[in-house]
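> from the sequence below, what's the structure:
(one chain, ligands or ions: 1)
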Amino acid sequence: MVTGANSGVGRSAAELLAAAGASVVMVCRSEERGRAALETVRMGSSNSRVRLEVADLSSLDSVRDLGSRLRDRVGPIDVLVNNAGVYRARREVSEDGFEMTMAVNHLGHFVLTHLLLEPLAEAGGRVINVSSDGHRSGDLKRAPLEDILTGRIPFKGLQAYADSKLANVLFAFELSRRMGHAGLSAAALHPGVLATRIWNQNLNPLSLMMRLFKPFMKRPSTGGHAVCRLAVEHPADEIDGKYFHVEKKSKAADQAYDLELAEKLWIESARLTGVT
Ligand SMILES: NC(=O)c1ccc[n+]([C@@H]2O[C@H](COP(=O)([O-])OP(=O)(O)OC[C@H]3O[C@@H](n4cnc5c(N)ncnc54)[C@H](OP(=O)(O)O)[C@@H]3O)[C@@H](O)[C@H]2O)c1
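Next up is the predicted model:
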C-alpha cells in the first residue's frame, strides 16, 4: 500500500511493486489523477491486482473512512509506504484545524498507520516512512510540542516541512520499538533530491530555484527503487528502526534518537487525532 501513489516517488514505487507482481493499493487524493495513474501502472506492469483508494491525508474523517474501507477489503498488509507529502510556503489550515504540512506529512499517516496495525502485524509487515534529509533542520523541542503539531506558532514553510519530516523519522523509530514484539518493522528514508511535482506547489523563491534545477535532479525512480529496497529486498531486521539515505543506512539527526521526544510525539499525536 502506497500513499501519494499518483506522482513522483509514490508512483514509481507503485510501478515497481506492481511490476514485481505485488497486489498494490494506490492511495491517492484525487480520483481523477488516481485513475490516470492506476491505468498507467496496470498497463506498464501487466498486473491487474493494482487498485485505487481515494483519500485525503489532510482530513481525519477521510483517513478514518479509508481505514474502515481497507479493513473490509484487504487482508494482511505486507508493506505500508507512508509517502504522500507536501511543502507549503504559506500557512494553510486543514479541515481539522492543523497546519497543513504537519497534517498531511505526519498526522494523517500517524492515524492511517494505527488503523492498519492489525493487518500489518498479521503479515509481519513493514511501515516505510518517506522522510527527507531536510529532517535535520527539524526541531520539535523549540516550542511546546502541541503548538508545533497544530501549527500554533509563527509559520515558516521550510521549518514546518523539516519538523514534519523529523516527525516521520521519530514515528518510524517509535513504531519499531512499540510494535517489534508483534512482528512489525518500521524504517524511514530520504528518497533523494528528485525532480518531482513537490517543487511545483509554491511560487516562492526556493521552489522557483528548485524548478530551475529540476533538469539536474535525479528521476523519481531513484526514490521509488530506494523505497522498494526497504519494502521488499532487505531482510526486515536490517531495516527495522533504521534511517536510510536513499539506499544506504545512515545516521539520522540527534533528535530522532531522543526516546522521550519520540514517546511525547506518539502520545501528543494520538491525543490530537483521537487515536486510542
Ligand atoms: N522530491 C524530492 O526531492 C524529495 C526530497 C525529500 C523527500 N521527499 C519526500 O518524498 C515524498 C513524495 O514526494 P514527491 O517528491 O514524490 O512529490 P510529488 O510528486 O508532489 O508527490 C506527492 C504525492 O503526495 C500526494 N498528496 C499531497 N497531499 C495529499 C493529501 N492531502 N492526501 C493524499 N495525498 C496527498 C500528492 O497527490 P496530488 O497529486 O493529489 O497532489 C502526490 O501524489 C514526500 O513525502 C516528500 O516529502 C521528496
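
> residue numbers of the protein in contact with the ligand?
Proximity of the chain to the ligand (CB under 6 Å from any ligand atom) is limited to residues 4, 6-10, 29-30, 33, 56-58, 83-86, 104, 130, 132, 190-191, 193-194, 196-198, 220. To be clear about C-beta, it is placed using only N, CA and C from the backbone, and glycine gets the same treatment.

> near residue 199, how many other residues are there?
21 (other CB atoms under 10 Å).

> could you do residue 257 as well?
Residue 257 - counted by other CB under 10 Å - has 15 other residues nearby.

> need the nearest residue in space to it, chain neighbours excluded.
Nearest residue to residue 257 in three dimensions, chain neighbours excluded: residue 173, at 7.3 Å (CB to CB, 6 or more residues apart in numbering).

> can you give me the mean pLDDT across the helix or strand containing that neighbour?
Using DSSP states H and E, residue 173 maps to helix 157-179. On average, the pLDDT along helix 157-179 is 97.

> report the buried residues of it.
For helix 157-179, burial by neighbour count (16 or more other CB atoms under 10 Å) applies to 157, 159-176, 179.

> mind giving me the packing neighbours of the lowest-mean-pLDDT helix or strand in the chain?
Lowest by mean pLDDT, DSSP states H and E among the helices and strands of the chain is helix 205-213, with a mean of 81. Helices and strands touching helix 205-213, by 3 or more CB pairs under 8 Å, 6 or more residues apart in numbering; DSSP states H and E: there are none.

> okay, the angle between that helix and helix 157-179?
Put simply, helix 205-213 runs at 80 degrees to helix 157-179, going by axes from the mean of the first three to the mean of the last three CA atoms, to 10 degrees.

> which residues sit against the next helix or strand after helix 205-213?
Downstream of helix 205-213, the first helix or strand assigned by DSSP H and E is helix 220-228. For helix 220-228, contacts defined as CB atoms under 8 Å, 6 or more residues apart in numbering pick out 2, 7-9, 11-13, 15-17, 20, 81, 83, 128, 130, 189, 191-192, 194-196, 244, 246-247.

> helix, strand, or coil at the residue of the stretch 51-200 of the chain at minimum distance from the ligand?
Nearest residue of the stretch 51-200 of the chain to the ligand (CB to the nearest ligand atom) works out as residue 85 at 2.3 Å. Under DSSP: H, G, I helix; E, B strand; the rest coil, the three-state class of residue 85 is coil.

> low-confidence regions, the stretch 1-150 of the chain specifically.
Of all residues in the stretch 1-150 of the chain, none has pLDDT under 70.
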